[in-house]
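Whatever this is, show me its structure:
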Amino acid sequence: MTDSLTIRSVDGQSQLTIRPPNDADEYPYFVAEIDVRVLAGRIHAKRLDLYLDNVGKFVSQLDCFILDRKASARLEAGRGSYFEISGKETQVTLSTALHTDSAGAPLSHHYKFSCAFDFEQENLISVLEWFKQFVRRP
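Okay, here's the model as predicted:
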């Protein structure tokens, strides 16, 4: 399986990294980490058990988005987590949310981190190619 995918913000203050499962992993889940630097600090969120629900659809949507910025591409990642790419002709935005609940904790314990940042549109093709490898073929 290939290396991780990292998408960095235009200003260099934020990034998303997604790592695919590898042969040594006990469970076939993806790992996502978001790192955001803010005025006087840093916010870091990590989720270890992402199941990417609609990779094929996401790849098709992203392919359309590259050609027509009126579209958007959204990848569902289970339990309310997602990655969405949208934008305009000269701007591309990644919006994401990592949502989970604490196993064994009361039902009221739910955690969600969400953010959005612009990234270089030149990176769209590499994002598309990275996700293509996870599309299940019939």
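
Going by C-alpha atoms from here, please, whenever you check contacts or count neighbours.
Fine.

Going by neighbour count, list what's buried in stretch 15-25.
Gln15, Leu16, Ile18, Arg19, Pro20, Pro21 (16 or more other CA atoms under 10 Å).

ah, wrong one, I meant stretch 80-93
By 16+ other CA under 10 Å, the buried positions in stretch 80-93 come out as Ser81, Tyr82, Phe83, Glu84, Ile85, Ser86, Gly87, Val92, Thr93.

and for it, what are the contacting residues?
With contacts defined as CA atoms under 8 Å, 6 or more residues apart in numbering, stretch 80-93 is touched by 62, 65, 69-77, 94-100, 116-121.

Just the buried ones from those?
Among the contacts of stretch 80-93, those buried by neighbour count (16+ other CA under 10 Å) are 62, 65, 69, 71-77, 94-100, 116-119, 121.

Including secondary structure and pLDDT, could the buried residues of stretch 15-25 go into TSV?
Below are the buried residues of stretch 15-25 laid out as TSV (DSSP: H, G, I helix; E, B strand; the rest coil; pLDDT from 0 to 100):
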residue	secondary structure	pLDDT
Gln15	strand	97
Leu16	strand	97
Ile18	strand	96
Arg19	strand	94
Pro20	coil	91
Pro21	coil	82
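
Many thanks, I have nothing further to ask.
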